[in-house]
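Q: Provided below for reference: sequence and predicted model.
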Amino acid sequence: MKRLGTAVSGDIRLQFRNGFYYAALVVMVVMVILLRQVPGDLLTWLLPLFILSNLLINTFYFVSGQVLLEKEEGTLAAQVVTPLRPLEYLAAKVITLTLLSLLENGLIVLLVFGVPPRVDLFVLAIISAAVILTLAGFMVVARYDSINQFLMPSVLYTTALILPLMTYLGLPEHWLLYLHPLQASLTLMRAAFEPAAMVQLLYAFLCAAVWGVLLFRAAQGTFYRFVIAAEGV
């Protein structure tokens, strides 16, 4: 626990020093201004789309930026010879970016909508999505050593990650989407603002937990391959 606490505090300092929190503040202000223009009858429907899209920045791209900074400074390679375990390294990233996501998106919803009818489901939706997107971001960026190498492939990965959100743009809600990692978070987010059947909530809880465990395991494998073994692309 002491190692994890040290890693969390170190990540917070790094994120603050490199302007992550200022960027989150700017995005929050812009989103509040935009969402305040949305009519009330559409706001409830659109909020899950805006919140989960914003989470992509707070998690996937923020963890990617942090890992690239650590590679540039040589601190990521140094993790190999420290007592910090890969699971603790990943957990620190997940914890700090999840807390940032909860704070930013909670303020956005509070300022444009008020308190969600189901605050518990809103919090669970943020946590589950943040875990999935942070770990996915690490697994993608670990393969690259510079922002130029990373940016183009990242578009393909993020498009795949937000596939359930495409239903807002007319994509049919095929049953296969319920196997997608982010579908559980979207279900929870919708249920935070509108009534949902118990079977939907049970699916969302189970699916989010399964994907969280699988992605933690996969991210540890990525750490061993691209950081410890340094196999490269």
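A: Ah, there it is.
Q: quick check: which element contains residue 103?
A: In the assignment (DSSP states H and E), residue 103 maps to helix 86-112.
Q: run through the neighbouring helices and strands of the helix or strand hosting residue 69.
A: Using DSSP H and E, the secondary-structure element containing residue 69 is helix 62-73. When contacts are defined as 3 or more C-beta pairs under 8 Å, 6 or more residues apart in numbering; DSSP states H and E, helix 62-73 sits against helix 2-17, helix 20-35, helix 75-78, helix 86-112, helix 119-141, helix 147-161. Heads up, the C-betas are built off the backbone N, CA and C, glycines and all.
Q: among these, which is the most enclosed?
A: For these, the largest average neighbour count (mean count of other C-beta atoms under 10 Å) is found in helix 119-141, namely a mean of 24.
Q: got the angle between it and helix 86-112?
A: Computed by axes from the mean of the first three to the mean of the last three C-alpha atoms, to 10 degrees, the angle separating helix 119-141 from helix 86-112 equals 130 degrees.
Q: how distant is helix 119-141 from the center of its chain?
A: Computed by C-alpha atoms, centre = their mean, to the nearest Å, the chain-centroid distance of helix 119-141 equals 4 Å.
Q: quick one: average pLDDT of that helix?
A: Across helix 119-141, the average pLDDT comes to 97.
Q: now do stretch 194-206
A: Per-residue scores along stretch 194-206 average to 95.
Q: mind listing residues that contact it?
A: Stretch 194-206 is contacted by residues 44, 121, 124, 128, 178, 184-185, 187-188, 190-191 when judged by C-beta atoms under 8 Å, 6 or more residues apart in numbering.
Q: how much space separates residue 61 from residue 141?
A: Using C-beta to C-beta, to the nearest Å, residue 61 is found at 9 Å from residue 141.
Q: hey, what's in contact with both of these two?
A: residue 154.
Q: show me what the lowest-mean-pLDDT helix or strand in the chain is packed up against.
A: The weakest-scoring helix or strand in the chain, judged by mean pLDDT, DSSP states H and E, is helix 75-78 (a mean of 81). Helix 75-78 is packed against helix 62-73, with contacts defined by 3+ C-beta pairs under 8 Å, 6+ apart.
Q: now the angle between helix 86-112 and the helix it packs on, please.
A: Using the same axes, to 10 degrees: helix 62-73 against helix 86-112 is 130 degrees.
Q: any idea of the angle helix 62-73 forms with helix 2-17?
A: Going by the same axes, to 10 degrees, helix 62-73 makes 90 degrees with helix 2-17.
Q: ok now helix 62-73, how far from the chain's centre?
A: 16 Å.
Q: residue contacts, the residue nearest in space to the middle of the chain?
A: The centroid of the chain falls nearest to residue 130 when counting by C-alpha atoms, centre = their mean (3.0 Å). Neighbour list for residue 130: 55, 58-59, 94, 97-98, 101-102 [criterion: C-beta under 8 Å, 6+ apart].
Q: if I look at it, how far off is residue 62?
A: For residue 130, the distance to residue 62 - C-beta to C-beta - is 10 Å.
Q: which neighbours do those two share?
A: With C-beta under 8 Å, 6+ apart as the test, residue 130 and residue 62 both reach residue 97.
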